[in-house]
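Asks: Next input, structure requested:
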Amino acid sequence: MGLGSWFSGSPASSTAAPTRTTREECWARRDEFFACLDAKGISVPNGPEHKTKGGCEKEDAAYRGSCAASWVEYFNKRRVLQIRQDLMQKKAEEQLAESYKPIGGKL
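Replies: Below is the predicted model:
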């Protein structure tokens, strides 16, 4: 059974797990797709911003062709969550730094 049958969703695909090579290929294509999105300033894969800004179709096709649909869904959701967490962390750090600024230049 080759890569195509595991990712195609055929009945035989439910019995065989992906190999290390297929996982590494999937992760590499995911990273390429996400790097393309980052370069274009797109946060949500296949969201409204992605549709209006366009681009990354080649990388998206390679990503979807190398990864199981459930993995694509998971990785896309995880990306959005990570971006939100990073923004919250940045805001918290800014608020903390602001709260330690002396008022009137004195401690």
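Asks: So for this protein, the centremost residue is which one?
Replies: residue 79 (3.6 Å; C-alpha atoms, centre = their mean).
Asks: Which helix or strand contains it?
Replies: helix 69-99 (DSSP states H and E).
Asks: now that helix: how far from the chain's centre is it?
Replies: 11 Å (C-alpha atoms, centre = their mean, to the nearest Å).
Asks: Buried ones in it, by neighbour count?
Replies: 71-72, 75-76, 79 (16 or more other C-beta atoms under 10 Å). C-betas here are computed from N, CA, C, even on glycine.
Asks: What is that helix packed up against?
Replies: helix 20-40 (3 or more C-beta pairs under 8 Å, 6 or more residues apart in numbering; DSSP states H and E).
Asks: picking that back up, pretty sure the residue nearest to the centre of the chain contacts residue 35?
Replies: No. Using C-beta atoms under 8 Å, residue 79 is not in contact with residue 35; the gap is 11.5 Å.
Asks: if we can go back for a sec, tell me what angle the helix holding residue 79 forms with helix 20-40.
Replies: 50 degrees (axes from the mean of the first three to the mean of the last three C-alpha atoms, to 10 degrees).
Asks: average pLDDT for helix 69-99?
Replies: Throughout helix 69-99, pLDDT has a mean value of 92.
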